[in-house]
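Asker: Just the structure for this:
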Amino acid sequence: MNNTKWALDATHSEVQFKVKHLVISTTSGTFKMFEGELSTNGDDFENGSVSFAIDTNSIDTNNEQRDGHLKSADFFDTENFPKMTFQSTSFTKKEGSDYILKGDLTIKGITKAIELAVEFGGVVVDPWGQTKAGFEVSGKINRTAYGLVWNALTEAGGMVVSEDVRLNINVEFTKQA
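Answerer: Here you go, the predicted structure:
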């Protein structure tokens, strides 16, 4: 089979996260700058290889003060760790359009294996003749496992920021010639 390369189309992709705040509500954010690549055997995505890098300094929660805190050593330490990366170890079809993506996520120099659910949206040829593939990726990580350990307690003893972070990533790839 041919090795097919797919480049991430960042203008039609997004990286979002959600985390519980004060145990009672959810705060959302995005990363504005990221890059990625997908390699497949021909046009079959099963057993494909995915690599992804996110510019941690591009974090945006619609609150400048909070973003500054997230960029500090309390969280991402963007000065010393400007990127977080993901490298897949397997991409397996479950059934229909559902896949399981396993790989190594590195944040602040700490690498852990994670598993993500992937829904394949399909392949189309756009009006300019480019072949596009779309995927919705979701999962959950424990932020403290990656050294993002800052927290405080409320008067009642609840955590200000949950340890669990939900990931929602929508990506569109363009098949390379």
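
Asker: As a check, name the ranges of all helices in this protein.
Answerer: 64-71 (DSSP state H).

Asker: Low-confidence ranges, it, go.
Answerer: 1-2, 21-25, 150-160 (pLDDT under 70).

Asker: contacting residues for residue 137?
Answerer: Applying CB atoms under 8 Å, 6 or more residues apart in numbering to residue 137 gives the contacts 101, 116-118, 167-171. In this view, the C-beta of every residue, glycine as well, is placed from N, C-alpha and C.

Asker: Show me just the buried residues among those.
Answerer: For the contacts of residue 137, a burial check counting by 16 or more other CB atoms under 10 Å picks out 101, 116, 118, 167, 169-171.

Asker: and of the residues you listed, the nearest to residue 146?
Answerer: residue 167 (12.5 Å; CB to CB).

Asker: before we move on, back to that, how about CSV for the contacts of residue 137, with distance to residue 80 added?
Answerer: Output for the contacts of residue 137, formatted as CSV (distance: CB to CB, whole Å):
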residue, distance to residue 80
101, 28
116, 26
117, 31
118, 31
167, 23
168, 27
169, 24
170, 29
171, 27
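
Asker: Can you give me the separation between the closest residue to residue 173 other than its chain neighbours and residue 135?
Answerer: In this structure, residue 173 finds its nearest non-sequential neighbour in residue 6, 3.7 Å apart by CB to CB, 6 or more residues apart in numbering. In this view, residue 6 and residue 135 are 10 Å apart by CB to CB, to the nearest Å.

Asker: can you list residues touching both of those two?
Answerer: residue 173.

Asker: How about residues contacting stretch 124-135?
Answerer: 6, 9, 12, 38, 45, 118-123, 170-175.

Asker: In strands, which of the residues you listed fall?
Answerer: Mapping the contacts of stretch 124-135 onto strands (DSSP state E) picks out 6, 38, 45, 118-123, 170-175.

Asker: nearest to residue 142, of the residues you listed?
Answerer: residue 118 (20.3 Å).

Asker: follow-up on the earlier one: Provide a ChimeraX selection command restricted to the buried entries of the contacts of stretch 124-135.
Answerer: In ChimeraX, selecting the buried portion of those, with burial taken from 16+ other CB under 10 Å, looks like this:
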select :6,9,38,45,118,120,170,171,172,173,174,175
